[in-house]
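In: 3D model of this:
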Amino acid sequence: MFGKVLLLAVSVLVLWGVVARASSGAGPKHVYVVEPHDTLWSIAIDAYGGDPRAGIWKLERANHLAGATIVPGEKLVVPG
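Out: Residues are numbered from 1 along each chain as shown. Now for the predicted structure:
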């Protein structure tokens with residue numbers, strides 16, 4: 001009896017491993033081209049809901065920014 005239960009459990013795990021696929025939990029990434037008078041704050045407000053400070057943090061991390069200075073024409077990755 002134990003052998004059958006063990007065989008069934010292993011079979012289910014193998015089947016699950018074959019059927020399972022990668023998650024896109026991080027969401028899609030978009031590229032934004034900075035326009036004149038844009039700030040990280042204004043981009044974060046447009047891209048994310050809620051507190052823009054969290055959006056600024058995401059933008060800084062995704063683009064390896066050392067500060068809040070951005071220039072027109074710069075391309076920023078905007079994570080989902």
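
In: ok, which stretches of this protein are helices?
Out: 2-19, 40-47, 52-63 (DSSP state H).

In: distance to residue 79 added to those, as CSV?
Out: For every residue, glycine as well, the C-beta is placed using N, CA and C. What follows is these, written out as CSV (distance: least, C-beta to C-beta, whole Å):
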stretch, distance to residue 79
helix 2-19, 28
helix 40-47, 9
helix 52-63, 5
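
In: got JSON lines for the ones you listed, with mean pLDDT and mean neighbour count too?
Out: Formatted as JSON lines, the helices of the chain follow (pLDDT from 0 to 100; neighbours: other C-beta atoms under 10 Å):
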{"stretch": "helix 2-19", "mean pLDDT": "73", "mean neighbour count": "9"}
{"stretch": "helix 40-47", "mean pLDDT": "95", "mean neighbour count": "17"}
{"stretch": "helix 52-63", "mean pLDDT": "95", "mean neighbour count": "16"}
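
In: out of these, which comes closest to residue 78?
Out: Closest of the helices of the chain to residue 78 is helix 40-47, at 5.1 Å (criterion: C-beta to C-beta).

In: contacts for that closest one?
Out: 30, 32, 34, 52-56, 58-60, 65, 68, 70, 76, 78 (C-beta atoms under 8 Å, 6 or more residues apart in numbering).

In: from those residues, pick the one nearest residue 3.
Out: residue 58 (51.0 Å).

In: isn't that closest one right up against residue 50?
Out: No - look at residue 58 against residue 50 with C-beta atoms under 8 Å: they stay out of range, at 11.6 Å.

In: nothing else from me, thank you.
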